[in-house]
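# Sequence first, then the predicted structure:
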Amino acid sequence: MRILVVEDDEEFAEEIERILKAVPAITDIKIARSRDSAYSIIETDFADLIILDLKIPTVDAASDEDPVHGQAVFAKSRSLAPGTPIFILTGSPAESFIPYMLEQQQRLDIWSSGRTFGTVDFLKKYDFDKFGEKLAPVIASVHSLNEIELDTGALILAIEVDRLIRIFSRKCGGAKCVVSLIGGGLSGALVIRLKITDRGGTLVHDAVAKIGSHSDVRDECERFDRFISRLDPDATPRKLAHLEYGAKARSGVFYGLADRFELTAFQVAGGIGNPDRTVQGVASALRRWSAGVPESRREICEVRRRLLSDADLDRVVEKYGLSWVPEFESKSIQMRWCIVHGDLHGSNVLTSSSGESVVIDYGDVSEGPVSLDPMTLELSLFFHPQSPLRGSNWPTSENCAHWGDLERYLVGCPCAAFIRECREWARRVAAGRREIAASAYSYLIRQLKYDDTDKALVRSLLDGVKTYFDAT
C-alpha cells in the first residue's frame, strides 16, 4: 500500500509516519508539508490513500497556514487522482468547508473486499488515538489484493492498471488472472484480455477491459448503454463492471466474452482463420444500426469532421499541398447516415476460428456514414500499429492508382479475400460509390496528422480514392 500524508506539523507528521511504518503492508509513505509539495506528489506519484490536513502553508516552512490551502489540495486530488480516497484531518467538527467535502463522498466497496469505505472520510485530530483503528480495514483491503495472482507474460502494467485488474478479479471471485494485450496506446486507453479463474482453476470470466481516463471510460459506458443495446446480444460482449476508484486517474469498464473468440481481425487478415466469414460476421453484428435507414444528402466535410477537426485539416492541407481538398469536401453526395462503430480497426474485432465475430471498444460510437466501418476495417491494415500489413511492400503506387478496380488493385495482395469482403460489405450497405470514397478519403486524410504513418502511401491511396470518386 502507498500513502501520501499532507501535514505540516512536524511532530504530528512523524507520529503518523511511525504508526504507518509499523504496518508491513505499507511499502511507501510520502510526506508533503505544504500545498505545493502535495501538488507535486499528486501529479507524479501513485497513492492508494491520501491523508490530508487542511491547515497547511503554500510552500514548505512558510508561515501562511490556512485551511484554504488544504482545500486546494483536496480539489487538485479530485482533479488529478479522482479514484484515490481521501482521509481529511480536521481540528473542528464545525468547520465551514466540511459540508462541501461531504458532497463529494460516496460509500463504495473500493477494493472489492466486501466492505464499504467513504471515498472522502474524516478524522478529527483530537481523536487521533483512533487513527490506527480507522486505517486498519483500509490497509487490509488494499493488501489483500496481492492474493490475486497475475500472469502478465512480457506485458508491463502501470500500477493503476494492476490495481484495477486485481479489484475486478476479486470482485468476480477470481484467484488468478492471465492478462494479454489486445490494443491501445493510440488514444491513451488500453484494451486488454483477462482470463480469470477461481481457486479451483475453473474459468470465471473471459473478459475484455478498456482502461483509460475517468471521462473517456464514462463516455464509453454511456455510448454502450445508448447504442450497443440496439444490436443483437451476440454482437457484443455484455458489460460486467465499471470501476472508478482505487486507481488514481484511471478507471476501467469490463466486458464478458464467450471463450471461443480468440483471434483479432488483424490475425485473420494475416493468414489465421477465415477472412470471408470474419468480415461477414462483423457486418452481420452491426446490421441493426443501418437497417431501414434512408439515404440523405450531406457534404463530404461532414464525414471528415467525424475523424479530423477543421484545424487539423488546415494543417495537413498546407503541409502536403493538397489544394484539391476544399473543393472536394464541399461536394454534396448521397449517404446512408446512421450509428457506426467509428473505430473498427482489426484489433477491435474479435473472432472465432469459424468466423463468428464480436466488436469491442465503443468510445467512438456515434452517427456517421454506414460505409465508414468497412472502410476503416480495410484501411487499418496499412496504418494501425498492430496490423500485419503495416510496413509491407503492398500496395505499390501502381496498386493504389487502381483502388476502385479491385481486380487490378489486389494484384500481389497477401490478404485479398479480407479486403474483397470489406469492399463488398461497403458496397452492400452504402448509398453509393461516392459515399464509399468519402469514407475512405476521411480515414486516409486523418493519417496525415500522425507522425508515424507512411505519408507516401497515404497520398497514393488518396489519389486512387479520388480517381474512383471522380469516375462516378
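The structure has been received and is ready for your questions.

# what's the nearest residue to the residue positioned nearest the centre of the chain if we skip its chain neighbours?
Centroid check for the chain by Cα atoms, centre = their mean gives Ala189 as the closest residue, at 3.2 Å. Using Cβ to Cβ, 6 or more residues apart in numbering and skipping residues adjacent in sequence, the residue nearest Ala189 is Gly212, 3.5 Å away. From N, CA and C alone the C-beta is placed, and that goes for glycine too.

# And Ser296, by the same measure?
Per Cβ to Cβ, 6+ apart, closest to Ser296 is Trp337, 5.5 Å.

# looking at it, that neighbour is touching Glu367, isn't it?
Yes - using Cβ atoms under 8 Å, Trp337 is in contact with Glu367, at 6.0 Å.

# neighbour count winner among these two?
Trp337 (20 against 13; other Cβ atoms under 10 Å).

# Okay, buried residues for the helix or strand where the more buried one lies please.
Applying DSSP states H and E as the criterion places Trp337 in strand 332-340. For strand 332-340, the neighbour count (16 or more other Cβ atoms under 10 Å) marks 333, 335-340 as buried.

# Over to stretch 122-131?
Residues 122-123, 131 are the ones in stretch 122-131 that count as buried (16+ other Cβ under 10 Å).

# before we move on, back to that, each with direction, which strands does the strand holding Trp337 pair with?
Strand 332-340 has its sheet partners listed here by DSSP bridges as strand 295-299 (antiparallel), strand 366-369 (antiparallel).

# gap between the first one and the chain center?
Going by Cα atoms, centre = their mean, to the nearest Å, the spacing between the C-alpha centre of strand 295-299 and its chain's C-alpha centre is 31 Å.

# residues contacting the closest residue to Ser40 other than its chain neighbours?
Distances taken as Cβ to Cβ, 6+ apart place Ala32 nearest to Ser40, at 7.7 Å, with adjacent residues excluded. By Cβ atoms under 8 Å, 6 or more residues apart in numbering, the residues touching Ala32 are 4-7, 38, 40-41.

# among the helices and strands of the protein, which one scores worst on average pLDDT?
helix 98-103 (a mean of 68; mean pLDDT, DSSP states H and E).

# Downstream of it, the next helix or strand is which one?
strand 107-108.

# who's in contact with that following strand?
Contacts of strand 107-108 with the rest of the structure, by Cβ under 8 Å, 6+ apart, involve 116-119, 245.

# One more: stretch 52-59?
6-9, 12, 33-38, 63-67, 69-71, 73-74, 77, 86-91, 95, 97, 125.

# buried subset of the residues you listed?
Neighbour counting by 16+ other Cβ under 10 Å classes 6-9, 33-38, 65, 67, 69-71, 73-74, 77, 86-90 among these as buried.

# Given the longest strand along the chain, what are its sheet partners and their directions?
Counting by DSSP state E, the longest strand found in the chain is strand 203-213. According to DSSP bridges, strand 203-213 forms sheet pairs with strand 190-197 (antiparallel), strand 250-257 (antiparallel).

# buried stuff in it?
Neighbour-count burial for strand 203-213 [16+ other Cβ under 10 Å]: 204-212.

# just stretch 229-239 next, same as before
Taking 16+ other Cβ under 10 Å as the criterion, stretch 229-239 shows 231, 235-237, 239 as buried.

# Columns pLDDT and distance to Arg223 on top of those residues, output as TSV?
Shown next, in TSV, are the buried residues of stretch 229-239 (pLDDT from 0 to 100; distance: Cβ to Cβ, whole Å):
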residue	pLDDT	distance to Arg223
Leu231	90	12
Ala235	83	15
Thr236	85	11
Pro237	88	14
Lys239	94	11
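
# So which of the residues you listed is the closest to Ala136?
For the buried residues of stretch 229-239, the residue nearest Ala136 by Cβ to Cβ is Lys239; the value is 33.8 Å.

# Let me know the angle separating the helix or strand containing that closest one from strand 250-257.
Using DSSP H and E, Lys239 sits in strand 238-243. On the basis of axes from the mean of the first three to the mean of the last three Cα atoms, to 10 degrees, strand 238-243 is oriented at 160 degrees to strand 250-257.

# Just the C-alphas of strand 238-243, formatted as PDB.
Only the C-alpha atoms of strand 238-243 are listed here, as PDB (Å, rounded to 0.1, in the frame of the first residue of the first chain):
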ATOM      1  CA  ARG A 238     -22.000  -7.800 -22.000                       C
ATOM      2  CA  LYS A 239     -20.900  -5.100 -19.600                       C
ATOM      3  CA  LEU A 240     -19.800  -6.600 -16.300                       C
ATOM      4  CA  ALA A 241     -18.500  -3.700 -14.300                       C
ATOM      5  CA  HIS A 242     -17.400  -0.100 -14.300                       C
ATOM      6  CA  LEU A 243     -14.700   0.700 -11.700                       C
END
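
# in its sheet, what does it sit against?
Partners of strand 238-243, by DSSP bridges, with direction: strand 250-257 (antiparallel).

# would JSON lines of the strands paired with strand 332-340 with mean pLDDT and distance to Asp219 be doable?
Output for the strands paired with strand 332-340, formatted as JSON lines (pLDDT from 0 to 100; distance: least, Cβ to Cβ, whole Å):
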{"stretch": "strand 295-299", "mean pLDDT": "98", "distance to Asp219": "25"}
{"stretch": "strand 366-369", "mean pLDDT": "97", "distance to Asp219": "10"}
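
# which one of those is the most hemmed in?
Mean neighbours per residue, mean count of other Cβ atoms under 10 Å, is largest over the strands paired with strand 332-340 for strand 366-369, with a mean of 20.

# tell me what the helix or strand that that strand is followed by is packed against?
Using DSSP H and E, the helix or strand that follows strand 366-369 towards the C-terminus is helix 372-383. Under the contact definition 3 or more Cβ pairs under 8 Å, 6 or more residues apart in numbering; DSSP states H and E, helix 372-383 sits against helix 265-269, helix 275-285, helix 416-429, helix 433-447, helix 455-470.
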